[in-house]
Structure formats: structure tokens, C-alpha cells
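A.B. asks: got a predicted structure here, sequence first:
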Amino acid sequence: MRREVPLIITILVGTVLIISVFIPPLESLGESFTLFFDIIAVFAFFLGGGNLVRVHVLKLAKKKRDWPFSIVTLVGFGVMLAAGLFKIGNPGDIAASVTAEGSLFNMIYRNVFVPLGSTMYALLAFFVASASYRAFRAKNREATILLVAAFIILLGSTPFGAWLTIWMPESMSILEIPNLAVWIMSSPNMAGQRAIMIGIGLGVVSMSLRLILGIERSYLGEDGA
Amino acid sequence: MVHNNVGVIITLLVIAGGLVWLLVRSFRGKEIDRRVIFLFIMVSVAAPLLATITFKFTATPIVEALYDKIEALPEGSTVLLSFDFDPAMAPEVQPMANVVTRHCLEKNIKIVFMCLWATGQGQLEITLDQVLRRDFAHKIDGVDYVNMGYKAGNEGVLNVIVTDFEKMFPTDVNTTPYGDIEILQGVNSCKDMDLIVSFGGGRPGIKEWILFVGDPTGVPSAGGVAAVVAPQLYPYYPRQLMGLLGGIKGAAEYESHFRERHPNHADMDTPAIIMMGPQTIAHIVIIAFIIIGNVLFFMNRRRGARS
């Protein structure tokens, strides 16, 4: 029964969701199933939060490597949870928006989370520069094509690219770097992206069919066996 | 346009001189330590920010398409703006959200705000503070705009609101019942929107908006995304995706285009235009490092062939 019930739910929900697209009277049933999914998705937050606490409490208890960071994680989690749940400092009542101006949640979000998140992402600039220096080398024909395309796109995304080719006559405007960059994005790039997307689409269809027909059971755990 | 000329020229000369020195070293087959690269990037990002190097931008057709669409919408139209990003993407995406929101408010277009990302609600508050409450304080919540907040469920949310908005959002973020919100009278689903714009760069984002809402309903959809995501969205342009702001450059083009055509906003914040200074210099430095890397590669190969 542990395997049969999830299988039956998958087959039933998958079939109804597909049929509801083609048969209008069943549209509301499809909507209801989607709504069930959204409600279940909310429970994932409880699972995620619970799991985070469990993992870090265990790490602290056993004094595993880098355990002091677990204290930061747990304190951060607890403070944000309390600030959001109890709407601490919120100018409105308990029904007001959690991110309302003046609330503790909003204050921590803007002054701690936003700068930290932006900083983490900004570090990419350093690694991209270092990786470009080491990896972008014209070792063969394919690498050279990639290198030239990268050059044009990089230059095309700055005003410097336009300046470099500003002297070109109108009849040769297609060769101006910004126009070349647009052409690379809208022709070779688009062709490649479409091919990838069609491949992914076909893969999704076949995987969905395998799930609905009960052939693919890995989501049940232990290889579905 | 370059301000604080002396400081900028000195900084650029130092960067250029350093790069030439590294190029000469590379001819001798000497590798560059990654810490040197990090130092160059730090200087090339920090200097233009401190000295405020700004450039003039012309909107590309894909950016202009969104501008023209909003410009052509009649007063009182309803636009859905979805904030589907987090602080990591904010430096690129927040300026887009701000300028598009400003444009809609300027045109007296009604805005329905919502989020598919939990962090989107915090980012939306930032836009409301920086644009709506600062420059459009006379706009009334529930009449000129409404904040529906965040709902968990990703594509599941879209699948429901495509036919029934109230089912997924029975209240706004301040728990005002759907039926009591003036702006939503006559809005039953996403089909009743005149335009949908998603700001993001991850999943769910503009791609999911197109697949689950824009394409099935025929409602014009546009987006503002981080630069790394933009190439993946070109296959949808122009039929399913009528306009796209790609990265900070797309945002800078929109800011520039909007400011030129709306002189009453000449003194508005232009974070994207300001951030294009560091991006431009950093790109040039990265290109220089790629050239140096290749010089080094060919020099080493030649030496290897000789020996």
C-alpha cells in the first residue's frame, strides 16, 4: 500500500490535469487539483524550516566542523521567524503586511538580507574575470568561434562597443558591434536555445507519461522498488 | 558623459597602464596571479562608482517595444507587475521594476502587484518606497494600485489565476477582501489584464508567465531579467514575449528612453545608468584579460613547439 497509494494519486491527478485542458467542464477540477498542490506547497515551508533546525541543532550538539556558523543560522532563522510571525514593530495590526514599512522584519530584510544577497552575487564578477582569463583561449576552431562571439557580446553590452564602430558608413551598419551582438543573440543563440527547448519539451512529455503510466517510480524512493 | 574628470582619467590610466604591463609580461610567458585579476576588477568597479561615470543610451528595439506598449495603453488600463526575484538579482532587476512602475504610474495605468517568490514581497516594498510613495504619494491603494503579495506554489499559482484570480488571492496583502478592492472590480482572471510584466531571472519567472498565462490567454507579456537569463528568452520574442529588458543595460536603456520622453522625471533616480559605468569598465578589463590570456597561451605553445 505504501507504493500503490502514491501511484494511484499520481495517475489520477496527472490524467485529470491533462484531460481538463481539453474538456472545459473538467476545467474547475483541474483548478482544484492545482489549488491542492498550492496548499501542499505551503507545508513544504514547515518541512524545510524543521529540517533546517534539525540539521543545525545536531551539528551544534555534536560540535561538528564549522559549528559556530550553525549558531548564526539558528539565531537568524529564529529572529526572522519571530519578527514575521508576531509582526514585531508592525505599524498595522496582526492582519497587516509582514513587510510593512517600520516592521522589524522589513528592517532586517532591507539592512541585512538585501546587502548580503547582493554582495554574494557581486562576488561573481571576480570569479568570472578570473575564469575568463584562464578558460577563454583559442585552442581550436570551436573555441575561437566562442571567443569571438563572447568578445562581441561583451563589447555590445557596453557603450564602448558602439564607439569602436561609430566610424562605419550606414551601408555597413550591420557590422557595428551592437548590431552584431543583437544578431548573435537573435539568430545563432535563438536557434540553439530553440533546439535545447524542443529537446527539453520532448523530455518533459516522455517523463510525464512515464510518471502517469507508473513506469517511472524513482520519486517513491528506493528506486521505486 | 564623464564627471570628476581628473580622478577618472587618473584611474583609467592606472588600469590601462597595469594592463599593458601585464600584456608585456605575458609575452615573456608569465602567468597572472588571480589576486591581481581580483584587484583590477575591484578598481574597475569601484572607481566609476566613486567618480560617477555615466553614458548615454539608445533603446534597442526589444526594450523600446515594452516602452511603446506601456506608452500606448490608454489611461485606466490594468497592468500586472510580478516581482519574482531576490536580493541577489536586485542590483540588476530592481532598477527595471522601478522604472516600469514609474512609467505605469505616470501614464495613470492601474497596477496589480504580486510575487511568485517569497523574497519578491520585500523587493516590491522597496519599489513602492522608492517610486510610488516618494513621487506618486497621491495614488490610492486599492484604487490606483493594489499589492496582492506572495503566494506559494510557483506554476500552480499561475495555473489558477489564469482562470480565477480571486481563488488564489482572496485578499490583498493588507487582508482587504477581493470584492472590496476597487481596482479589481471587473478583473476575474489574468485574461482581464492589458499587460503582464514579470521581473526576475530564475524559476518561476517570465518563462513560466509566458507558458502558463501569456501564451494561453493571448495577454501581452514582457519581462525584465538578469543578463545571464536574457539569451534563454529570445526564442519567445517577439510573438510570445513582446518586450524584454535584459540585464542592467536593458534597464539603463529604459531609464534613458523614459527620462528623455518625460522631462518632468528628469531628476528621477537612475541606478541602472549609474551602474553601467562599472559594468562598462569591468567588461573592458575582462576583455583585456582574455587577450592577455590568449597571448600567453600562444607564446607558451610556440615555446613548447620550439623545445
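C.D. replies: Ah, there it is.

A.B. asks: gap between the closest residue to A:Ser103 other than its chain neighbours and chain B?
C.D. replies: When the adjacent residues along the chain are set aside, A:Ser103 lies closest to A:Asn90, with 4.2 Å between them (C-beta to C-beta, 6 or more residues apart in numbering or on different chains). Just so you know, the C-beta spots here come from the backbone N, C-alpha and C atoms, and that holds for glycine as well. Between A:Asn90 and chain B the distance, using C-beta to the nearest C-beta, to the nearest Å, works out to 11 Å.

A.B. asks: could you report the pLDDT at A:Asn90?
C.D. replies: You'll see A:Asn90 listed with a pLDDT of 84.

A.B. asks: doesn't it fall inside a helix?
C.D. replies: No - read with DSSP: H, G, I helix; E, B strand; the rest coil, A:Asn90 is coil and lies in no helix.

A.B. asks: now for the closest residue to chain B within chain A: which residues touch it?
C.D. replies: Residue nearest to chain B within chain A: A:Gly117 (3.0 Å; C-beta to the nearest C-beta). Neighbouring residues of A:Gly117 by C-beta atoms under 8 Å, 6 or more residues apart in numbering or on different chains: B:86-88, B:90.

A.B. asks: give me the subset of these touching chain A.
C.D. replies: Among the contacts of A:Gly117, proximity to chain A is found for B:86-88, B:90 (C-beta under 8 Å from any C-beta of the partner chain).

A.B. asks: pLDDT score for residue 50?
C.D. replies: Picked chain A for this. Taken from the predicted model, the pLDDT recorded for A:Gly50 is 94.

A.B. asks: the intended chain is chain B.
C.D. replies: 84.

A.B. asks: any idea of the pLDDT on A:Ala131?
C.D. replies: What the model reports as pLDDT for A:Ala131 is 93.

A.B. asks: and it, what element?
C.D. replies: Secondary-structure assignment from DSSP states H and E places A:Ala131 in helix A:114-135.

A.B. asks: do you know how far the residue nearest to A:Ser103 is from A:Ser97?
C.D. replies: Using C-beta to C-beta, to the nearest Å, we find A:Asn90 at a distance of 8 Å from A:Ser97.

A.B. asks: returning to that earlier point: name the nearest residue to the residue of chain A closest to chain B, ignoring sequence neighbours.
C.D. replies: Once its chain neighbours are removed from consideration, A:Gly117 has its nearest residue in B:Pro87; the separation is 3.0 Å (C-beta to C-beta, 6+ apart).

A.B. asks: ok so, going back, so which of the contacts of A:Gly117 are in helices?
C.D. replies: Per DSSP state H, helices hold the following members of these: B:Ala90.

A.B. asks: before we move on, the earlier item: using PDB, list the CA coordinates for the helix holding A:Ala131.
C.D. replies: Taking only C-alpha atoms (Å, rounded to 0.1, in the frame of the first residue of the first chain), the coordinates of helix A:114-135 have been written out as PDB:
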ATOM      1  CA  VAL A 114      19.500  42.600   0.800                       C
ATOM      2  CA  PRO A 115      23.200  43.800   1.200                       C
ATOM      3  CA  LEU A 116      24.300  40.200   2.000                       C
ATOM      4  CA  GLY A 117      22.500  38.800  -1.100                       C
ATOM      5  CA  SER A 118      23.800  41.500  -3.400                       C
ATOM      6  CA  THR A 119      27.300  41.000  -2.100                       C
ATOM      7  CA  MET A 120      27.200  37.300  -2.700                       C
ATOM      8  CA  TYR A 121      26.100  37.800  -6.300                       C
ATOM      9  CA  ALA A 122      28.600  40.600  -6.800                       C
ATOM     10  CA  LEU A 123      31.500  38.200  -6.000                       C
ATOM     11  CA  LEU A 124      30.700  36.500  -9.300                       C
ATOM     12  CA  ALA A 125      32.400  39.400 -11.100                       C
ATOM     13  CA  PHE A 126      35.700  38.400  -9.700                       C
ATOM     14  CA  PHE A 127      35.300  34.800 -10.500                       C
ATOM     15  CA  VAL A 128      34.000  35.500 -14.000                       C
ATOM     16  CA  ALA A 129      37.100  37.600 -14.700                       C
ATOM     17  CA  SER A 130      39.500  35.000 -13.400                       C
ATOM     18  CA  ALA A 131      37.700  32.200 -15.200                       C
ATOM     19  CA  SER A 132      37.600  34.100 -18.500                       C
ATOM     20  CA  TYR A 133      41.400  34.700 -18.300                       C
ATOM     21  CA  ARG A 134      42.000  31.000 -17.800                       C
ATOM     22  CA  ALA A 135      39.300  29.300 -19.900                       C
END
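
A.B. asks: re earlier: can you tell me which of the contacts of A:Gly117 are buried?
C.D. replies: B:86-88, B:90 (16 or more other C-beta atoms under 10 Å in any protein chain shown).

A.B. asks: can I get those in CSV including distance to B:Ile15 and pLDDT?
C.D. replies: Compiled in CSV, the buried ones among the contacts of A:Gly117 are given as follows (distance: C-beta to C-beta, whole Å; pLDDT from 0 to 100):
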residue, distance to B:Ile15, pLDDT
B:Asp86, 32, 93
B:Pro87, 29, 93
B:Ala88, 27, 92
B:Ala90, 27, 93
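
A.B. asks: and which of these is nearest to chain A?
C.D. replies: Distances from chain A to these, taken by C-beta to the nearest C-beta, are shortest for B:Pro87, at 3.0 Å.

A.B. asks: what residues does stretch A:23-40 touch?
C.D. replies: Against stretch A:23-40 from outside (C-beta under 8 Å, 6+ apart): A:13, A:16-17, A:19-21, B:151-153, B:156-157, B:159-160, B:163-164, B:167-168.

A.B. asks: narrow those residues to those in helices?
C.D. replies: Checked against DSSP H, the contacts of stretch A:23-40 include these in helices: A:13, A:16-17, A:19-21, B:156-157, B:159-160, B:167-168.

A.B. asks: turn those into TSV, columns for pLDDT, neighbour count and distance to B:His283.
C.D. replies: Rendered in TSV, the data for the ones in helices among the contacts of stretch A:23-40 read as follows (pLDDT from 0 to 100; neighbours: other C-beta atoms under 10 Å in any protein chain shown; distance: C-beta to C-beta, whole Å):
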residue	pLDDT	neighbour count	distance to B:His283
A:Val13	89	16	48
A:Val16	87	15	51
A:Leu17	86	19	45
A:Ile19	88	13	51
A:Ser20	85	19	49
A:Val21	82	11	45
B:Gly156	87	23	39
B:Val157	91	26	37
B:Asn159	88	23	40
B:Val160	89	26	42
B:Lys167	89	18	46
B:Met168	91	23	42
